[in-house]
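Undergrad: what shape does this take:
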Amino acid sequence: MASVQSWAVAFNALGLTDEVARDAVRASADIRIVAAGASIIAQDEVEDHVFLLLDGRGRVVLLSESGQEIWLDTLEPGTIIGELAALTDRPRTSEIIAETDCTLASFGAGRFLGLMQQHGDLGLALSRILARRVHHTTQRMFELSALSAPGRIYAEILRMSVPSPDSQRRLIQPVPSLTALAVRVNTTRETVSRTVSDLEKRGLLQRVNDSFELVDPDQLARLQAAS
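TA: Residues are numbered from 1 along each chain as shown. Below you'll find the model as predicted:
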């Protein structure tokens, strides 16, 4: 069973504030647990269940014919997953893999579409998710075509960071692996290592315990724009 707190965190992240809609979503859901490393959704499968991520973290990838992963996005609690198949009645377009143990609320396509018809707040929340995904994809396409590899690394570091609660700096916690960062920006681990080391030497990036601290985010943004 998912905890009351997990539901609340997911609903808040989703922006679903209507208590009637929240109750209807909870009552209509089946709970599914997916172990870290397992597929939540398989690319090209003909299946139309929709999921709401309650706990854990996942990643969205495209799989090449050789099995190589092309990273697309990271998913956090409050994300709706698998809605395209339900809306278009077409096979899955990507693979979604659990990076940690994940708890999901599961809905058959008909049940989920019925909830959207009955509760406008849910439809609006899904519209916001789809709009953010379009924005994210457009931004990544621009970066891949217009920025150098270091520029893409700067952009991803800024995107991954969150404001520090007690300073003007920004934090990434935990420190991402160099390999994972390289996959995100379509470059090599060696390039990421050189770029991160250069930022540390210039005093723009510091390792503090298990986090990266961006000392001067504005300067890093200027470096990205100039790259």
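
Undergrad: CA only for contacts and neighbour counts going forward, please
TA: Noted.

Undergrad: quick check: F11 is in a helix.
TA: Yes. Counting by DSSP: H, G, I helix; E, B strand; the rest coil, F11 is found in a helix.

Undergrad: what helix or strand is the residue nearest the centre of the chain on?
TA: When Cα atoms, centre = their mean is applied to the chain, the residue found nearest the centroid is T74 (2.5 Å). Using DSSP states H and E, T74 sits within strand 69-75.

Undergrad: listing partners with orientation, what would you give for that strand?
TA: Using DSSP bridges, the strands paired with strand 69-75 are strand 58-63 (antiparallel).

Undergrad: mind listing what's buried in the lengthiest helix in the chain?
TA: Across the chain, the longest stretch assigned as helix under DSSP state H is helix 120-146. Neighbour-count burial for helix 120-146 flags 121-123, 125-126, 129, 140, 143 (criterion: 16 or more other Cα atoms under 10 Å).

Undergrad: could you do stretch 157-174 as well?
TA: So for stretch 157-174, counting by 16+ other Cα under 10 Å, buried means 157-158, 161, 169-172.

Undergrad: next one: the helix or strand of the chain with the lowest mean pLDDT to chain centre, how far?
TA: None of the helices or strands of the chain scores lower by mean pLDDT, DSSP states H and E than strand 69-75, at a mean of 86. Computed by Cα atoms, centre = their mean, to the nearest Å, the chain-centroid distance of strand 69-75 equals 8 Å.

Undergrad: ok, R26 to I96 distance?
TA: Distance of R26 to I96, computed by Cα to Cα, to the nearest Å: 23 Å.

Undergrad: neighbour count winner among the two?
TA: I96 (25 against 14; other Cα atoms under 10 Å).

Undergrad: do you have the helices of the chain handy? List them.
TA: Ranges of helices in the chain, per DSSP H, are 4-14, 19-28, 83-88, 109-118, 120-146, 149-160, 178-185, 189-201, 217-226.

Undergrad: so which of those helices is the most packed in?
TA: helix 149-160 (a mean of 20; mean count of other Cα atoms under 10 Å).
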